[in-house]
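> sharing a model prediction with you, sequence too.
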Amino acid sequence: MSIISQTPARRPISFGVRFALGMAIAAGVLALALGDAGRPVLRVAASAQPHLPDMDLFWALSPVIKVHLVGALAALVLGAVLMVLRKGRTFHRVAGWTWVSLVAVTAGSTLFITELNHGRWSFLHLFTAWVLLITPIAVIAA
């Protein structure tokens, strides 16, 4: 008998440990990326006070920005739910298609958001092109 066949299997790392490790690595990368600008950002973040959104400000936005904002927030929440819940069930498939649709609507709406660059597209619209090109490829791969 070999030694390899006699060694017990390693216990898998729990989700909590993996999540904490991922958050610590992300915080480290963010701290390195911010450099000296990190202190003012942390100061502002520490003094933040949670509040409900200002709905008057929301209703004053253009319809395209409203669609973009609601689509992005819905995709963010649904994506988090999809990552946590069990895969392979009917809910996962239906919610996955819904998520893909939300991402496509969110990316597509950015084609009409040009107010920040005097009516022209900015370099950020390259992300729009990337998302609209890669989303069908990701669906096919899934």
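Thanks, I have it. Because the structure is predicted, anything quoted here is derived from the model rather than measured.
> all contacts plus neighbour counts: C-alpha atoms, from now on.
Noted.
> separation between residue 15 and residue 128?
Going from residue 15 to residue 128 by Cα to Cα, to the nearest Å gives 32 Å.
> do residue 33 as well
Per Cα to Cα, residue 33 is found 24 Å from residue 128.
> circling back: quick one, which of residue 15 and residue 128 is more surrounded?
A side-by-side neighbour count of residue 15 and residue 128, using other Cα atoms under 10 Å, places residue 128 first with 18 against 9.
> and that one, what does it touch?
Contacts for residue 128 were tallied using Cα atoms under 8 Å, 6 or more residues apart in numbering; they are 107, 108, 110, 111.
> going through those, which ones are buried?
Using 16 or more other Cα atoms under 10 Å as the burial test, the contacts of residue 128 include 107, 108, 110 as buried.
> JSON lines for those, including pLDDT and distance to residue 65?
As requested, the buried ones among the contacts of residue 128 are exported to JSON lines (pLDDT from 0 to 100; distance: Cα to Cα, whole Å):
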{"residue": "107", "pLDDT": "95", "distance to residue 65": "11"}
{"residue": "108", "pLDDT": "94", "distance to residue 65": "11"}
{"residue": "110", "pLDDT": "93", "distance to residue 65": "8"}
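> among those residues, which are in helices?
Among the buried ones among the contacts of residue 128, the residues falling in helices (DSSP state H) are 107, 108.
> just send the buried ones among the contacts of residue 128 back as JSON lines, with distance to residue 66 too.
Below are the buried ones among the contacts of residue 128 laid out as JSON lines (distance: Cα to Cα, whole Å):
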{"residue": "107", "distance to residue 66": "13"}
{"residue": "108", "distance to residue 66": "13"}
{"residue": "110", "distance to residue 66": "11"}
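> for residue 94, state which of the buried ones among the contacts of residue 128 is nearest.
Taking Cα to Cα as the measure, residue 94 sits nearest to residue 107 out of the buried ones among the contacts of residue 128, at 20.1 Å.
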